[in-house]
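[1] Generate a structure from the sequence data that follows.
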Amino acid sequence: MPARLRLFTPAATPSAEVFHVYWRAPARGAPVNTLVTFEYRQRYSPAVRFLAVRYPFVATGENKATFRVAGPESPGPVVAWRVRVVWGGRRMAERASPSWEALS
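    Okay, here's the model as predicted:
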């Protein structure tokens, strides 16, 4: 499963944190309505927040999902994250930060 999530790159901007998730669909393609989910926790909040990108088509080859955590009212930088590729409630791939693993 980890091979499908080959690269995860955070990119900071002055008012937001942007996370790019690069993932590879299986040879037969990822089915319609595949989700890439991004769960995260910020420094000054115990809440786990959730973002998702839905692919309303068969995804093939290399793909990129972009998640933006923004706003001046934001409770600090992202300190822990977990990314999943999911279809029909079934996890196809997952990757998490070491700090996420410490939350468990």
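
[2] show me where the protein has helices.
    Per DSSP state H, the chain carries helices over the ranges 98-103.

[3] Strands along the chain, start to end?
    7-13, 16-24, 34-42, 48-55, 62-70, 78-87, 90-96 (DSSP state E).

[4] gap between the two ends of stretch 68-84?
    Distance across stretch 68-84, first residue to last, is 16 Å (Cα to Cα, to the nearest Å).

[5] For that stretch, the averaged confidence score.
    Average pLDDT, stretch 68-84: 87.

[6] Can you give the contact residues for that stretch?
    5, 8, 10, 15-19, 21, 35-45, 49, 51, 91-97, 99-100, 102-103 (Cβ atoms under 8 Å, 6 or more residues apart in numbering). Where you see a C-beta, it was placed from the backbone N, CA and C, and this is true even at glycine.

[7] Buried only: go through those residues for me.
    Taking 16 or more other Cβ atoms under 10 Å as the criterion, what is buried in those is 5, 8, 17, 19, 21, 35-42, 92-93, 95-97, 100.

[8] List the beta-bridge partners for R68.
    V18 (DSSP bridges).
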